[in-house]
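S.K.: My questions are about this predicted structure, shown below with the sequence.
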Amino acid sequence: MNLKKIYSTSLSLLTDLYQLTMAYGYWKQGKAEQEAVFHLYFRKNPFSGGYTIAAGLEQAIDYLQDLHFREDDLSYLESLKGSKGQPLFEPAFLDYLRDLRFTCSVDAIPEGTVVFPSQPLVRVRGPLLQAQLIETTLLTIINFQTLVATKAARIIDAAQGDRVIEFGMRRAQGIDGALSATRAAYIGGADATSNALAGKLFDIPVSGTHAHSWVQSFESEQDAFNAYSDAFPNDSVLLVDTYDTLEGVEKAIETARKLQHEGYHLNGIRLDSGDLAYLSIQARKLLDEAGFTNVNIVASNDLDEHIISSLKQQGAKINIWGVGTKLATAYDQPALGGVYKLSALKQENGDWSYTIKLSEQLAKTSNPGIQQVRRYYNQNGNIADMVYNEEAPLPDQPLIIDPLDITRRKAIAPGTAHRDLLVPVFVNGELRYDLPALASIKAKVKEEISMLHETTRRPLNPHTYPAGLEENLHQFKTSLILKLRKIGEEA
Ligand SMILES: Nc1ncnc2c1ncn2[C@@H]1O[C@H](COP(=O)(O)OP(=O)(O)OP(=O)(O)O)[C@@H](O)[C@H]1O
Ligand SMILES: O=P(O)(O)OC[C@H]1O[C@H](OP(=O)(O)OP(=O)(O)O)[C@H](O)[C@@H]1O
Ligand SMILES: O=C(O)c1cccnc1
């Protein structure tokens with residue numbers, strides 16, 4: 001399959017087959033237009049961290065806005081056969097799909113917001129068939145970008161204000177993995193990327209050094225450095241570890257002298273192996289002694305937030321961090337585990353019927369209702385988050401209950417400042433959301449993280465931020481669980 005063809009196709013079939021078979025079933029049952037509410041949320045902060053950064057909404061919006069089945073999609077569906085060779089879908093259903101346009105209302109938490117487990121990042125309300133159909137695509141977009149944006153934020157925190165360049169494309173999960181990872185890493189705080197297409201598509205600053213092959217292709221390391229700096233007299237970062245790192249630094253200093261003589265300056269050196277603390281300290285000493293105090297020291301080699309923190313503690317003299325594999329692939333936790341669950345269905349009499357998915361594990365039992373997330377804060381930062389049912393009245397003094405440990409409760413004093421996190425994105429299929437620029441999403445992440453207590457930010461065994469269900473919603477959920485368990489026992 002030609003890559004160009006993949007990237008120009010409609011995304012309507014970028015879904016699991018079961019979304020289409022359920023759509024057919026709903027249509028046959030006359031349930032296609034029944035109003036339903038789904039929520040997209042995750043159950044656990046990734047990387048054993050204390051917070052998560054929401055990302056991916058812009059691409060989710062793109063997908064929803066363009067949701068329609070083209071003739072080539074319909075021909076493909078027409079060609080699908082059941083086990084007895086009969087067509088999987090009847091022609092009248094394909095006609096229904098041909099005319100289908102997205103008419104749901106969608107509320108979402110803006111990209112770059114700090115979020116916590118069980119909070120809906122996206123709420124979809126509309127015809128059951130449509131709201132169901134979009135599950136997998138929303139999840140594939142939002143799960144991955146949220147994961148990588150969170151990883152990036154942790155790495156940025158560890159770098160304590162130093163520049164971080166994302167180098168991950170070669171190890172990313174395929175082409176879209178690379179592009180999405182670069183976008184999400186930039187949102188999470190990376191300053192630049194080596195990925196030129198992502199630079200072009202998303203207007204992300206691009207940056208880079210050179211590879212070992214550049215040095216290997218010359219007679220000597222010195223020739224290689226001089227030649228590279230001839231091409232980029234003020235923008236060369238020389239990779240010094242092809243043969244012997246500290247000898248490489250000496251040669252880079254020679255090139256820096258040559259550049260200085262010609263009225264230019266060496267931008268930096270890059271270390272890519274060995275003991276990065278020791279080598280950076282020695283390299284800094286050599287550079288400083290030669291008068292090149294402004295030459296940057298870039299480091300790369302399987303870095304992540306833990307190694308960066310350790311190198312900082314060891315007094316490493318690295319001021320730019322190139323981070324690839326472990327960022328772009330979210331190496332230590334390659335999936336977020338976000339889910340999309342049905343929580344309400346409109347009955348014929350116009351009343352909502354609330355639904356949950358039971359599980360032996362409390363964490364896996366979904367929440368009912370038409371949910372909103374309220375964040376309480378004061379001048380020192382965030383106090384607590386509460387998921388509540390928008391359809392039920394809220395008490396003056398709400399009580400937040402941790403769904404996983406009902407003894408963990410937080411009462412909110414009347415008048416505490418708050419804001420609701422889910423904002424309207426589509427109203428009956430019409431886009432009503434001004435997409436923020438990537439740079440402002442990135443700035444938002446910084447601001448959002450600054451609202452968290454340092455104990456919630458710490459990478460290891462962080463304090464659990466108070467986030468839970470409003471008491472009435474919690475009680476309603478408990479009563480639904482008990483009722484459904486009883487039904488199960490009677491059956
Ligand atoms: N001082 C240090 N403290 C903690 N971790 C370090 C330190 N120096 C380097 N590291 C990390 O240790 C790992 C060492 O990687 P590795 O075993 O591949 O060694 P290497 O010297 O880089 O070898 P190679 O030449 O194969 O790249 C990398 O993840 C690197 O970032
Ligand atoms: O280590 P990462 O965080 O993924 O950063 C990107 C890596 O990619 C390049 O080398 P490559 O991995 O191709 O070769 P190497 O392993 O021999 O250095 C670069 O020199 C970095 O080491
Ligand atoms: O520009 C670099 O130094 C670079 C780019 C990709 C991967 N590793 C390093």
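M.R.: Thanks, I have the structure now. Remember, predicted model here, so these are calculated numbers, not experimental data. Ligands and ions are numbered 1, 2, ... in the order given.
S.K.: Can you report how many residues lie near the residue nearest to T146 when sequence neighbours are not counted?
M.R.: Spatial nearest neighbour of T146, chain neighbours left out: A55 (5.0 Å); criterion: CB to CB, 6 or more residues apart in numbering. For every residue, glycine as well, the C-beta is placed using N, CA and C. If you count neighbours by other CB atoms under 10 Å, A55 ends up with 33.
S.K.: pLDDT wise, what is the residue of the stretch 1-150 of the chain found nearest ligand 3 at?
M.R.: Checking the stretch 1-150 of the chain residue by residue against ligand 3 with CB to the nearest ligand atom singles out V148 as nearest, at 16.4 Å. As predicted, V148 sits at a pLDDT of 98.
S.K.: How is the residue nearest to it when sequence neighbours are not counted assigned, secondary-structure-wise?
M.R.: Take V148 and drop its neighbours on the chain: the residue closest to it by CB to CB, 6+ apart is A184, 3.7 Å away. Three states are possible here, and by DSSP: H, G, I helix; E, B strand; the rest coil the one that applies to A184 is helix.
S.K.: Pretty sure the residue nearest to T146 sits in a strand.
M.R.: No - with three-state DSSP as the criterion, A55 is coil rather than part of a strand.
S.K.: That one touches K151, doesn't it?
M.R.: No - no contact is recorded between A55 and K151 when judged using CB atoms under 8 Å, the distance being 10.7 Å.
S.K.: so what sits against both of these two?
M.R.: G188 (CB atoms under 8 Å, 6 or more residues apart in numbering).
S.K.: Mind telling me which residue of the stretch 151-300 of the chain is nearest ligand 3?
M.R.: The minimum distance from the stretch 151-300 of the chain to ligand 3, using CB to the nearest ligand atom, falls at G208 (2.7 Å).
S.K.: what sits against the one residue sitting closest to the centre of the chain?
M.R.: When the chain is reduced to its mean C-alpha position, the nearest residue by CA atoms, centre = their mean turns out to be T146, at 1.7 Å. By CB under 8 Å, 6+ apart, the contact list for T146 reads F42, T52, I53, A54, A55, G56, V115, L121, A184, L336, G338.
S.K.: Most neighbours out of the residues you listed, which is it?
M.R.: Of the contacts of T146, with other CB under 10 Å as the count, A55 tops at 33 neighbours.
S.K.: Could I get the pLDDT score of that residue?
M.R.: At A55, the model reports a pLDDT of 98.
S.K.: Contact partners for the residue nearest to V148?
M.R.: For A184, the contacting residues are A55, G56, F144, Q145, T146, L147, V148, A149, A152, taking CB under 8 Å, 6+ apart as the criterion.
S.K.: In three-state terms, label the fifth one for me.
M.R.: Taking three-state DSSP as the rule, one finds T146 in the helix state.
S.K.: Which part of this protein gets nearest to ligand 2, residue-wise?
M.R.: Per CB to the nearest ligand atom, G324 is where the chain lies closest to ligand 2, at 2.7 Å.
S.K.: so who does the spatially closest residue to that residue that is not a sequence neighbour touch?
M.R.: For G324, ignoring the flanking residues on the chain, the nearest one in space by CB to CB, 6+ apart is F167 at 3.7 Å. With contacts defined as CB under 8 Å, 6+ apart, the neighbours of F167 are T193, S194, G208, S300, G322, V323, G324.
S.K.: ok, so of the contacts of A184, who is nearest A224?
M.R.: A152 (32.0 Å; CB to CB).
S.K.: For that closest one, which non-adjacent residue is spatially closest?
M.R.: The nearest residue in space to A152 (CB to CB, 6+ apart) is G188, at 2.6 Å.
S.K.: surely Y340 meets H39?
M.R.: Yes - contact between Y340 and H39 holds when scored by CB under 8 Å: they sit 7.2 Å apart.
S.K.: what about these two, which has more around it?
M.R.: The residue with more neighbours, out of Y340 and H39, is H39; 27 against 22, by other CB under 10 Å.
S.K.: Just grab the bridge partners of that one for me.
M.R.: When bridges are taken as DSSP bridges, the partners of H39 come out as R123, K341.
S.K.: want to throw the contacts of F167 into JSON lines with pLDDT and distance to ligand 1?
M.R.: As requested, the contacts of F167 are exported to JSON lines (pLDDT from 0 to 100; distance: CB to the nearest ligand atom, whole Å):
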{"residue": "T193", "pLDDT": "98", "distance to ligand 1": "20"}
{"residue": "S194", "pLDDT": "98", "distance to ligand 1": "17"}
{"residue": "G208", "pLDDT": "98", "distance to ligand 1": "18"}
{"residue": "S300", "pLDDT": "98", "distance to ligand 1": "8"}
{"residue": "G322", "pLDDT": "99", "distance to ligand 1": "11"}
{"residue": "V323", "pLDDT": "99", "distance to ligand 1": "10"}
{"residue": "G324", "pLDDT": "98", "distance to ligand 1": "11"}
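S.K.: Buried subset of those residues, written for ChimeraX?
M.R.: Remark: buried members of the contacts of F167, expressed as a ChimeraX selection using 16 or more other CB atoms under 10 Å:
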select :193,194,208,300,322,323,324
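S.K.: Let's see which of the contacts of F167 end up in strands.
M.R.: Residues from the contacts of F167 lying in strands, with DSSP state E as the criterion: T193, G322, V323.
S.K.: Put together CSV for these, with distance to G350 on each row.
M.R.: Listed next are the ones in strands among the contacts of F167 as CSV, based on distance: CB to CB, whole Å:
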residue, distance to G350
T193, 51
G322, 58
V323, 53
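S.K.: Report the outermost residue of the protein with respect to its centre.
M.R.: Computed with CA atoms, centre = their mean, the maximum C-alpha offset from the centroid of the chain is found at H261, amounting to 46.6 Å.
S.K.: For that residue, give its distance to L139.
M.R.: Relative to L139, H261 is positioned 58 Å away (criterion: CB to CB, to the nearest Å).
S.K.: List the residues that contact the closest residue to G322 other than its chain neighbours.
M.R.: Counting by CB to CB, 6+ apart, G322 lies nearest to S300, which is 3.6 Å off, once chain neighbours are set aside. Taking CB under 8 Å, 6+ apart as the definition of contact, the neighbours of S300 are F167, R270, L271, D272, W321, G322, V323, G324.
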